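> Can you look at this prediction? I've put the sequence above it.
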Amino acid sequence: QTDYKGAVNWLAREFGTGAVLAETVARLKPNLEAIAKEKPTLDQTKAHTPEPSNWDTVRGYLVETRRLDARLVDSLHEQGYIYADKFKNAVFLLGKGQGLSLRGTGDKPFHGVRGEKVPFILGAKDKESQKVAFVESPIDALSLRDLGFGGRIVATVGNAAELARAKADI
């Protein structure tokens, strides 16, 4: 008879945070691994198609303005998970490609989602890691990786409560 956050807090008080974390990771890990292994499938001709001539602007925003690691940005770009559109937005593919997270790179801040609000996931650097961090946006995920977090990072894209409930079968 409480909300999700209240239930998690009660579990932590009753059983300790370690037990809550272990149970959450155990429930989420199989689902997150399956999502992370899928390749993008979004039909990019329908929304915010890649515009290679704008990549230098978007890369500059991510690497110079946001101070993200150039190797990580370049790697995700080469894999098709980040690209530039005709509006010079940084475009991040979500989930298996069902959605896009957009971040404007110009003077006027802009961010939005097109398609489904499914997670953007960075796999763990250490495949044995049991750690999972939840953040708001793909840029937050890249920032956390830059700060040295080696576990799996899940950007919930404004969908945190619903994602946690669905993935934990609550």
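Received, thanks. None of these values were measured; they are calculated from a predicted model. Residues are numbered from 1 along each chain as shown.
> use CA for all of it now, contacts and neighbours both
Fine.
> Just the mean pLDDT for stretch 135-152, thanks.
What stretch 135-152 shows for mean pLDDT is 92.
> With stretch 88-107 instead?
The average pLDDT for stretch 88-107 rounds to 90.
> Okay, now it: how far is its last residue from its first?
Stretch 88-107 has an end-to-end distance of 11 Å (C-alpha to C-alpha, to the nearest Å).
> same thing with stretch 106-121?
Stretch 106-121 has its terminal residues 25 Å apart, counting by C-alpha to C-alpha.
> what residues does it touch?
Outside of stretch 106-121, the residues within contact range by C-alpha atoms under 8 Å, 6 or more residues apart in numbering are 32, 35-36, 47, 88, 92-95, 98-104, 137-138, 141, 152-159, 163.
> mind listing the strands in this protein by residue range?
82-84, 90-94, 99-103, 111-115, 120-122, 132-135, 152-155 (DSSP state E).
> what about the fifth one, distance to the chain center?
Distance, stretch centre to chain centre, for strand 120-122: 4 Å (C-alpha atoms, centre = their mean, to the nearest Å).
> That strand: partners in the sheet, and parallel or antiparallel?
strand 152-155 (antiparallel) (DSSP bridges).
> Give me the distance between the residue lying closest to Gly158 once chain neighbours are set aside and Leu142.
Of all residues not flanking Gly158 in the chain, Glu136 sits nearest, at 6.1 Å (C-alpha to C-alpha, 6 or more residues apart in numbering). Separation of Glu136 from Leu142 (C-alpha to C-alpha): 11 Å.
> Please say which of the two ends up with more neighbours.
Between Glu136 and Leu142, counting by other C-alpha atoms under 10 Å, Leu142 is the more crowded of the two (23 against 16).
> that older thread, how close does the residue nearest to Gly158 get to Thr2?
Using C-alpha to C-alpha, one gets 24 Å for the distance from Glu136 to Thr2.
> do the same with Trp10
From Trp10 to Thr2 the distance is 10 Å (C-alpha to C-alpha).
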